[in-house]
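Asker: Here you go, sequence then predicted model.
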2 protein chains.
Amino acid sequence: MPEGVLIAIGGHEDREGSRTILKQVAKRLKGDVLVLATVASHQPEGYFEMYEKAFRDLGVKELRELYVNERAETQEPEKLALFDDAAGVFFTGGDQLRISSQIGDTPVEARVRRIYEDGGVVAGTSAGASMMSETMLVRGTSQESYRIGDLHMAPGLGLVRDMIIDQHFAERGRIGRLLGAVAHNPRVLGVGIDEDTAVVIEERRIKVIGRAAVYVVDGAEVSHSNVAEAESDYALSMHDVRLHVLTEGDCFDLRTRRPKGGMPDEDEAWSPSDERSKR
Amino acid sequence: MPEGVLIAIGGHEDREGSRTILKQVAKRLKGDVLVLATVASHQPEGYFEMYEKAFRDLGVKELRELYVNERAETQEPEKLALFDDAAGVFFTGGDQLRISSQIGDTPVEARVRRIYEDGGVVAGTSAGASMMSETMLVRGTSQESYRIGDLHMAPGLGLVRDMIIDQHFAERGRIGRLLGAVAHNPRVLGVGIDEDTAVVIEERRIKVIGRAAVYVVDGAEVSHSNVAEAESDYALSMHDVRLHVLTEGDCFDLRTRRPKGGMPDEDEAWSPSDERSKR
């Protein structure tokens, strides 16, 4: 299967300052048309204007809003026509269940998938990142250790295989729920993305961009877990997890499950001075 | 060096319901005298009454309060006499820097240490757990990934070697700062304890009790870290961390750094029904 580029963002990406992540989205589009899918939100008002402003001087040819209020609208020719000549789709935040339930298995999803398979860009922030997973985390607890009964998963769009993506990761204390998700089947790699941070996934390789960190939870060597045995109120026990904390420039090979330290490309790096100049 | 028992509690241990953890403290005292050290708090009023009530029917012979408002008081004979015949000390929560700065290298500390070396019990919750570390975490960030400049450590009482203890762990999203602490020198094992959860440390072995989880961060195999290289505003990168999530009954051997799954002893186990009966 030919594949394009996925850019999964942990939420709250900078839209006014250095815009490190949005710049990368624009760069991958090569100046072409971008569809802004605001489907995840119940109240999408204002999103389009915000992103239009953010992308304005980044060289995107045209930004087009796709909103689907009811699933039936995914059949409408004028909605589908939004994808004509588009080189990428950007999913804004909200509720990942709205994305999967509104567009899953519809002509709109088929268009998204075709863009990706044709080598285009599918980017998403927050809920828009989560939905890329095969099985996605939905709601679930934050700031507490995972309890056996905390099953809050649902089928996502599955643009990336063998991976569960979580977002707002350090900010909302989500290591517990990501460990819980991986415990259920260590075939899936857990990828937790901080705010204003993203992973660029292409050719079965992850590259990190942005200001904070990405946590990769690899359960391949797990030697003990109580996930299938304990009562639902019990906390998760899980031994021998391999954890990688990746920051800008770091890569991760999805085939070998090995990280590689590195420096970001000069022209795309997040810099502490960007941050300082905003303060 | 002969050693007693350390009981490090992640804060907010149950004091009214099943009291799983306080029961363990009482059990280890074998009905003897316990000194309640409220040194960590600026406003220790009410602590003694609360713990006296909590311990009342658990078989503790006598509870005695030790408070030190000024460092000079650690020389007073009446303060030191509180330790006569005591089999254990329990440090309540507050600020770990108050414990280390008020009693570090004083006759009071010597009495605490002697109790421990004579095979007694030193227990502590929250700040009282942190201060047991050689190098302890002080303040530091919660709910964000660790940045290279976030050095918030200070010398603790060092009752346990080669270990950094953190508390309120999942609840305050502290995995980032514990990873950061371990990155500085993987000789130290990171031990993050959730609320109403504790580790019992004796004979270089950890055992977990209570309702949630304990996270053990082992940096022995770390293959890459930017902690010594990157600018202070950059996020921490750290590859190949071994992480264990331990729950009640699980053990961890500090000599071999290996976890062992297990069941809690029947009479001391936390049970979901304790929780339910409280709701």
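Answerer: Arrived safely.
Asker: and residue A:114, how many residues sit next to it?
Answerer: 12 (other C-beta atoms under 10 Å in any protein chain shown). C-beta coordinates here come from the backbone N, C-alpha and C atoms, glycine included.
Asker: Okay, and it sits in which element?
Answerer: helix A:107-117 (DSSP states H and E).
Asker: What residues sit buried inside that helix?
Answerer: A:108, A:109, A:111, A:112, A:115, A:116 (16 or more other C-beta atoms under 10 Å in any protein chain shown).
Asker: Then stretch A:74-93?
Answerer: A:74, A:79-80, A:82-83, A:86-93.
Asker: distance between it and the chain's centre?
Answerer: 18 Å (C-alpha atoms, centre = their mean, to the nearest Å).
Asker: returning to that earlier point: which among the buried residues of helix A:107-117 gets closest to chain B?
Answerer: residue A:116 (28.6 Å; C-beta to the nearest C-beta).
Asker: just checking, the closest one touches residue A:7?
Answerer: No - in this structure, residue A:116 is not within contact of residue A:7 by C-beta atoms under 8 Å, at 11.2 Å.
Asker: Residue of the stretch 51-200 of chain A closest to chain B, please.
Answerer: residue A:173 (3.0 Å).
Asker: ok but that residue is inside a strand, no?
Answerer: No - looking at residue A:173 with DSSP: H, G, I helix; E, B strand; the rest coil, it is coil, so not inside a strand.
Asker: Number of residues surrounding it?
Answerer: Neighbour tally, residue A:173, other C-beta under 10 Å: 25.
Asker: Next up, phi/psi of it, please.
Answerer: phi 60, psi 60 (degrees, to the nearest 10).
Asker: Stretch A:246-262 vs chain B: in contact?
Answerer: Yes - Stretch A:246-262 lies within reach of chain B by C-beta under 8 Å from any C-beta of the partner chain, at A:246, A:247, A:248, A:250, A:259, A:261.
Asker: What lies in contact with that stretch?
Answerer: Contact with stretch A:246-262 is made by A:162-163, A:189, A:197, A:201, A:204-216, A:218, A:220, A:244, A:263-264, A:269-270, B:223-224, B:226, B:234-237, B:239-240, as judged by C-beta atoms under 8 Å, 6 or more residues apart in numbering or on different chains.
Asker: End to end on that stretch, go ahead and measure it.
Answerer: 10 Å (C-alpha to C-alpha, to the nearest Å).
Asker: How about stretch A:50-66?
Answerer: Termini of stretch A:50-66 sit 15 Å apart (C-alpha to C-alpha).
Asker: Now do that stretch, average pLDDT.
Answerer: Mean pLDDT, computed over stretch A:50-66, is 94.
Asker: Report the buried residues of it.
Answerer: A:51, A:54, A:55, A:58, A:60, A:63, A:64, A:65, A:66.
Asker: Next step: the residues you listed restricted to strands.
Answerer: Within the buried residues of stretch A:50-66, residues falling in strands by DSSP state E are A:63, A:64, A:65, A:66.
Asker: Among the buried residues of stretch A:74-93, which pair sits farthest apart?
Answerer: A:80 and A:93 (23.5 Å; C-beta to C-beta).
Asker: Please name the bridge partners of residue A:202.
Answerer: residue A:205 (DSSP bridges).
Asker: Looks like it contacts residue A:7 (just checking).
Answerer: No - counting by C-beta under 8 Å, residue A:202 sits too far from residue A:7 to count as a contact (9.2 Å).
Asker: Now do the helices in the stretch 101-250 of chain A.
Answerer: A:107-117, A:127-130, A:175-184 (DSSP state H, counting those that start in this stretch).
Asker: Can you lay out these as JSON lines showing distance to chain B and mean pLDDT?
Answerer: Formatted as JSON lines, the helices of the stretch 101-250 of chain A follow (distance: least, C-beta to the nearest C-beta, whole Å; pLDDT from 0 to 100):
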{"stretch": "helix A:107-117", "distance to chain B": "29", "mean pLDDT": "97"}
{"stretch": "helix A:127-130", "distance to chain B": "16", "mean pLDDT": "98"}
{"stretch": "helix A:175-184", "distance to chain B": "5", "mean pLDDT": "96"}
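Asker: In TSV, list the ones you listed along with distance to residue B:125.
Answerer: What follows is the helices of the stretch 101-250 of chain A, written out as TSV (distance: least, C-beta to C-beta, whole Å):
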stretch	distance to residue B:125
helix A:107-117	51
helix A:127-130	36
helix A:175-184	21
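Asker: Which one, of those helices, ends up nearest to residue A:230?
Answerer: helix A:175-184 (10.9 Å).
Asker: Give me the residues contacting the closest one.
Answerer: Contacts for helix A:175-184 (C-beta under 8 Å, 6+ apart): A:135, A:137, A:140-147, A:150-153, A:164, A:166, A:169, A:188-190, A:192, A:215, A:217-219, A:222, A:225, A:227, A:236, A:238, A:241, B:170, B:173, B:175, B:213, B:245.
Asker: Kindly recompute the last result at 6 Å.
Answerer: Helix A:175-184 is contacted from outside by A:137, A:140-141, A:144-146, A:164, A:166, A:190, A:192, A:217, A:219, A:225, A:227, A:236, A:238, B:170, B:175, using C-beta atoms under 6 Å, 6 or more residues apart in numbering or on different chains.
Asker: Could you do stretch A:34-52 as well?
Answerer: With contacts defined as C-beta under 6 Å, 6+ apart, stretch A:34-52 is touched by A:60, A:63-68, A:82, A:86, A:88-95, A:98-99, A:102, A:127.
Asker: which of the residues of stretch A:246-262 next to chain B tops the neighbour count?
Answerer: Highest neighbour count within those, by other C-beta under 10 Å: residue A:246, with 29 neighbours.
Asker: Stretch A:26-37: end-to-end distance?
Answerer: 16 Å.
Asker: Can you point out the buried residues in it?
Answerer: A:26, A:28, A:29, A:32, A:33, A:34, A:35, A:36, A:37.
Asker: can I assume the fifth one is in contact with residue A:60?
Answerer: So the one you mean is residue A:33. No - assessed by C-beta atoms under 6 Å, residue A:33 is found out of contact with residue A:60, at 7.7 Å.
Asker: which one is residue A:172 nearest to, not counting chain neighbours?
Answerer: Nearest non-adjacent residue to residue A:172, counting by C-beta to C-beta, 6 or more residues apart in numbering or on different chains: residue A:142, 4.3 Å away.
Asker: what number of residues lie near the one you found?
Answerer: Residue A:142 has 18 nearby residues by other C-beta under 10 Å.
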